[in-house]
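Asker: Structure of the sequence below:
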Amino acid sequence: MAQARELPDGRVVWVETCFCAVPLDEERPYWEEYFELVSVKDAHARTKCRHETGEEPWACSTCSCTGKLEGTLARRGRPFDPGS
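Answerer: This is a model prediction of the structure:
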């Protein structure tokens, strides 16, 4: 959440590395306590993911496949401050 961005309409967007077959499958109950999850999407094509193809288990821990998306989000809205 350190890179989460609050948009002018009050929505909060962020990128989270997730190893679940269904994005945020395990984390969903936690996030739903605090947010209404309007949209949850894969940030990349799983057919090209080294973790998903078996080429490199847990590759997402050090992969930069979401770097472009994170860079785009960093230019939107303002940093999210959960205390405000």
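Asker: From here on, just use CA atoms for contacts and neighbour counts.
Answerer: OK.
Asker: Can you show me the strands along this protein?
Answerer: 5-6, 12-13, 78-79 (DSSP state E).
Asker: and the first one, what other elements does it pack with?
Answerer: In this structure, strand 5-6 makes packing contacts with strand 12-13, strand 78-79, judged by 3 or more C-alpha pairs under 8 Å, 6 or more residues apart in numbering; DSSP states H and E.
Asker: Could you list the low-pLDDT ranges of this protein?
Answerer: Flagging of the chain using pLDDT under 70 yields the residue ranges 44.
Asker: hmm, 80 instead?
Answerer: Along the chain, the parts satisfying pLDDT under 80 run over 17-21, 42-46, 48, 52, 59-67, 83-84.
Asker: which stretches of it form helices?
Answerer: All helices of the chain, identified by DSSP state H, fall at 28-34, 50-53, 67-74.
Asker: Any idea which of these gets closest to Val13?
Answerer: Among the helices of the chain, the nearest to Val13 by C-alpha to C-alpha is helix 67-74 (7.6 Å).
Asker: Other residues contacting the closest one?
Answerer: 3, 5, 13-15, 43 (C-alpha atoms under 8 Å, 6 or more residues apart in numbering).
Asker: Please indicate which of those are buried?
Answerer: The neighbour-count test (16 or more other C-alpha atoms under 10 Å) marks 3, 5, 13, 15, 43 as buried among the contacts of helix 67-74.
Asker: Out of these, which two are the most distant from each other?
Answerer: Maximum distance among those (C-alpha to C-alpha): 16.2 Å, for Arg5 and Ala43.
Asker: Among the helices and strands packed on strand 5-6, which comes closest to Trp58?
Answerer: strand 12-13 (24.0 Å).
Asker: dump the residue contacts of the closest residue to Met1 other than its chain neighbours.
Answerer: Spatial nearest neighbour of Met1, chain neighbours left out: Trp14 (6.8 Å); criterion: C-alpha to C-alpha, 6 or more residues apart in numbering. Contact analysis of Trp14 by C-alpha under 8 Å, 6+ apart lists 1, 3-5, 70, 73.
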